[in-house]
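Trainee: give me coordinates for this.
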Amino acid sequence: MTADAPFLLAIDQGTTSTRAILFDAAVRPVASHGIELRQIYPANGWVEHDAEEIWEATLACCRAATRGIDAKDIAAIGITNQRETTLIWDKATGTPLHHAIVWQDRRTAERCRQLKEQGHEAAVAVERPELTETTALGAAYLAGLGAGVFRDFSEIAGAVVLDRRFEPGLNPQIRDGLYEGWGRAVGRVRAQHPHGV
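Mentor: Numbering: from 1, shown residues only. All right, here's what the predicted structure looks like:
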């Protein structure tokens, strides 16, 4: 940031709400606005959001959080979102083809269970930061990186203190052996039932 552009705007588009937060040059929040999102439940275990509603809420939150601030005074905009929520839209018109399928949706639970049984989950490390309410702040830090406030990721990483790191504990050779065994078992079932179970 510079004296000419002393603000960062972070958009936190979450599961239950959309929020925009304006940060000053010291990365302190100076203004914020949030709007709750309507949850759509078309079937048991299914969770969706209206994509147009998300877009309108994002615009409204940004306008409210930056009220009285000129756009030229914002050095950068960072966004954090639901990550696993999925949305498809028409390439030519930009119109959503369906509601967004929210990360809480259970319609793919069976496929996820299969991947877990195949041993894919055991290869993923998980890090938990000491400060867990970091989504909007993280977006602000990344926006600052893009605007040149921070030289590189190491300056940002220095501000993150890990509480714990969970490493996969299963030996890769054992994991691969279990996966191969699972594959053989599936092959036997398929051979006995070639048209499905």
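
Trainee: quick one: buried residues of the longest helix along the chain?
Mentor: Longest helix in the chain by number of residues, with DSSP state H as the criterion: helix 172-192. Going by neighbour count (16 or more other Cβ atoms under 10 Å), the buried part of helix 172-192 is residue 175. Where you see a C-beta, it was placed from the backbone N, CA and C, and this is true even at glycine.

Trainee: contacting residues around residue 38?
Mentor: 49, 50, 53 (Cβ atoms under 8 Å, 6 or more residues apart in numbering).

Trainee: what of residue 103?
Mentor: Taking Cβ under 8 Å, 6+ apart, one finds 15, 82, 83, 84, 85 in contact with residue 103.

Trainee: let me know the helix or strand that the nearest residue to residue 79 once chain neighbours are set aside is in.
Mentor: Closest residue to residue 79 apart from its sequence neighbours, by Cβ to Cβ, 6 or more residues apart in numbering: residue 11 at 4.4 Å. Element membership for residue 11, per DSSP states H and E: strand 7-13.

Trainee: tell me what that strand is packed against?
Mentor: Packing partners of strand 7-13 (3 or more Cβ pairs under 8 Å, 6 or more residues apart in numbering; DSSP states H and E): strand 17-23, helix 51-65, strand 74-80, helix 135-147.

Trainee: let's see 6 Å
Mentor: Counting contacts by 3 or more Cβ pairs under 6 Å, 6 or more residues apart in numbering; DSSP states H and E, strand 7-13 packs against strand 17-23, strand 74-80, helix 135-147.

Trainee: re the thing from before, so which of the contacts of residue 103 sits lowest on pLDDT?
Mentor: Minimum pLDDT across those is recorded for residue 83, with 68.

Trainee: circling back: and the strand holding residue 11 with strand 74-80, angle?
Mentor: Angle, strand 7-13 to strand 74-80, by axes from the mean of the first three to the mean of the last three Cα atoms, to 10 degrees: 20 degrees.

Trainee: chain center to stretch 185-193, what's the gap?
Mentor: 38 Å (Cα atoms, centre = their mean, to the nearest Å).

Trainee: give me the neighbour count for residue 85.
Mentor: Residues near residue 85, counting by other Cβ atoms under 10 Å, number 20.

Trainee: distance of it from residue 188?
Mentor: 38 Å (Cβ to Cβ, to the nearest Å).

Trainee: before we move on, the earlier item: what subset of the contacts of residue 103 is buried?
Mentor: 82, 85.

Trainee: need the contacts of residue 103 in TSV (columns: secondary structure).
Mentor: Below are the contacts of residue 103 laid out as TSV (DSSP: H, G, I helix; E, B strand; the rest coil):
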residue	secondary structure
15	coil
82	coil
83	coil
84	coil
85	coil
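
Trainee: touching, the residue nearest to residue 79 and residue 80? I think so.
Mentor: No. Checked against Cβ atoms under 6 Å, the pair residue 11 and residue 80 is beyond contact range at 7.3 Å.
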